[in-house]
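Trainee: coords below, sequence missing:
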């Protein structure tokens, strides 16, 4: 099976310009599945799609990472994204 990296990516809200990303490889897939609940999105149980993260999900992600993620939802949109190695 191909290895997948997952990232917290953020984009400018007004222009959709890519601003940055943070590798979130410290979180196991099961915890991410609880955070995202992919059943809402169909059969993406490996989280290959992109998922918009709201304030609640960003807060939970911050706890899972055991880090304080500083985010600005007025200026940026945040997504969980995946890439293969």
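Mentor: Done, it's in. None of the values given here were measured: they were computed from a predicted structure. Numbering: from 1, shown residues only.
Trainee: for the protein, what's the longest helix?
Mentor: The helix that spans the most residues within the chain, counting by DSSP state H, is helix 55-65.
Trainee: got the buried residues for that helix?
Mentor: 57-58, 61, 64 (16 or more other CB atoms under 10 Å). The way it works is simple: take the backbone N, C-alpha and C, and place the C-beta from them, glycine included.
Trainee: so which residues of this protein form helices?
Mentor: 29-36, 55-65.
Trainee: same list (the ones you listed) but as TSV, adding distance to residue 7.
Mentor: Shown next, in TSV, are these (distance: least, CB to CB, whole Å):
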stretch	distance to residue 7
helix 29-36	12
helix 55-65	11
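Trainee: now the weakest link among these, please, by mean pLDDT.
Mentor: Among the helices of the chain, helix 29-36 has the lowest mean pLDDT, at a mean of 88.
Trainee: what helices and strands are in contact with the helix or strand of the chain with the lowest mean pLDDT?
Mentor: Across the helices and strands of the chain, mean confidence by mean pLDDT, DSSP states H and E is lowest for helix 29-36: a mean of 88. Applying 3 or more CB pairs under 8 Å, 6 or more residues apart in numbering; DSSP states H and E, we find helix 29-36 packed against helix 55-65, strand 76-84.
Trainee: partner strands of the shortest one, with direction?
Mentor: Strand 76-84 has the following strand partners under DSSP bridges: strand 4-12 (antiparallel), strand 51-53 (antiparallel).
Trainee: roughly how far is it from the heart of the chain?
Mentor: 5 Å (CA atoms, centre = their mean, to the nearest Å).
Trainee: so where is this protein shaky, pLDDT-wise?
Mentor: 1, 38-42 (pLDDT under 70).
Trainee: and with 90 instead?
Mentor: The chain contains residues with pLDDT under 90 at 1-4, 25-26, 28-30, 33-49, 67-70, 84-85.
Trainee: list the contacts for residue 50?
Mentor: 9, 79-82 (CB atoms under 8 Å, 6 or more residues apart in numbering).
Trainee: what's the answer for residue 32, then?
Mentor: 6, 47, 64, 80.
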